[in-house]
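# Turn this into a structure:
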Amino acid sequence: MAFSLSNTVLRAVPGAFILNSGIGKLGLPEEAAAGLQQMAAKGVPALGELSPKQFGWFLSLGEIAVGSSLLLPIVPTRVAGLALGAFSGSMFSMYLRTPELTAEDGIRPSEAGTPIAKDSWLVAIAIALLVSGSGSKKVKRVRAKA
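Below you'll find the predicted structure:
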């Protein structure tokens, strides 16, 4: 398995933040989980069918799994990118479907939406990881005979 410095950085920085966030949500109080669930269900409606306790547990374990997949070098880059893409895509969907998070145009962030909109960078990182694959590949150069 080949490693590149750029993929390592793209994986390590968001991986550490997401893992830390997931660990911080272990044992999330039910009231806090219910508030997060209400917002998350706007992006992924099926999440509204869980109890707040189930949602808090699911969110915590999901963030731990995504963060760990990014940090563990044994996880292929495309698999880690796919996990980050699913995670960040659901957050971006929630952002776009919550009118109070966006300005009148429905895209630019409102003041309340800026903390969520900044996570759009995670979508870009996920795409970069998916496109880059598992590191650099050697290109065989063919020289023309003179």
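# Count the neighbours of Gly27 for me.
8 (other C-beta atoms under 10 Å). For the C-beta atoms, the positions are set from N, CA and C on the backbone; glycine is no exception.
# and if you look at Ile107?
Summarising burial for Ile107: neighbours were counted as other C-beta under 10 Å, giving 10.
# So it, which state does it fall into?
Judged by DSSP: H, G, I helix; E, B strand; the rest coil, the three-state class of Ile107 is coil.
# Please tell me how far it sits from Gly62.
26 Å (C-beta to C-beta, to the nearest Å).
# next one: Thr8
From Thr8 across to Gly62, the span is 23 Å (C-beta to C-beta).
# Please apply the same query to Ala12.
Distance check for Ala12 against Gly62: by C-beta to C-beta, it reads 19 Å.
# okay, the two: which has more neighbours?
Gly62 (17 against 13).
# can you give me the helices in the protein?
Here the chain has its helices, by DSSP state H, at 5-24, 30-43, 52-71, 77-96, 114-117, 120-132.
# can you pull the contacts of Ile127?
For Ile127, the contact set (C-beta atoms under 8 Å, 6 or more residues apart in numbering) comprises Gly81, Gly85.
# Give me the below-cutoff pLDDT ranges for this protein.
Scanning the chain for pLDDT under 70 picks out the ranges 1-3, 134-146.
# looking at the helices of the chain, which is closest to Ala103?
Relative to Ala103, the nearest member of the helices of the chain by C-beta to C-beta is helix 114-117, separated by 10.1 Å.
# from the chain's centre, how far out does the closest one sit?
Here helix 114-117 is found 13 Å from its chain centre; the criterion is C-alpha atoms, centre = their mean, to the nearest Å.
# Check which helices and strands that helix is in contact with.
helix 77-96 (3 or more C-beta pairs under 8 Å, 6 or more residues apart in numbering; DSSP states H and E).
# how about the helix it packs on: buried residues?
77, 80-81, 83-85, 87-88, 91-92, 94-96 (16 or more other C-beta atoms under 10 Å).
# Just put these in a markdown table and tack on distance to Ala128.
Listed next are those as a markdown table, based on distance: C-beta to C-beta, whole Å:
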| residue | distance to Ala128 |
| --- | --- |
| Thr77 | 10 |
| Ala80 | 11 |
| Gly81 | 8 |
| Ala83 | 14 |
| Leu84 | 10 |
| Gly85 | 10 |
| Phe87 | 15 |
| Ser88 | 12 |
| Met91 | 17 |
| Phe92 | 15 |
| Met94 | 22 |
| Tyr95 | 20 |
| Leu96 | 21 |
